[in-house]
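Enquirer: Let's see this in three dimensions:
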Amino acid sequence: MQVLWKLEQTYVKDMLPHFTNPPLHYNTVSTIVRNLEEKGYVGHRAYGNTHEYYPVISKEEYQNRFVLKKVVSDYFDNSYKNLVSYFAQKEKISADELREIIDLIEKGNKS
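Expert: Reported below is the predicted structural model:
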């Protein structure tokens, strides 16, 4: 998805240079893109036997729907409180930043 978001619309052959460590074969990238399409993340335009692929979900929407949810589920027992506590304990977030987050939550609850 990172490559598709970067290129916006592209063919499998044009994605290959972006997969260098390790290099991926054409068929592998094609399979990955088709799987992403089946899941509803990618669309395509057909030009004969050639397909031009493009993302149908934004990076932000993908992150909101899946990435953070999976991290919270897998590592923080489905608790956003545990996630915030983790960062507070590791001193990755300051008390002032926590106050800002609380203000945002309170403002969001009022609307």
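Enquirer: what about the residue nearest to residue 9 when sequence neighbours are not counted, how many neighbours?
Expert: Of all residues not flanking residue 9 in the chain, residue 54 sits nearest, at 4.1 Å (Cβ to Cβ, 6 or more residues apart in numbering). Backbone N, C-alpha and C define where each C-beta goes, glycine included. Neighbour count for residue 54, taken as other Cβ atoms under 10 Å: 14.
Enquirer: So residue 54 versus residue 107, what's the distance?
Expert: The spacing between residue 54 and residue 107, counted by Cβ to Cβ, to the nearest Å, is 36 Å.
Enquirer: Quick check: the residue nearest to residue 9 is in a strand.
Expert: Yes: Residue 54 forms part of a strand when assessed by DSSP: H, G, I helix; E, B strand; the rest coil.
Enquirer: Determine the longest helix present in this protein.
Expert: Determined from DSSP state H, the single longest helix within the chain is helix 95-110.
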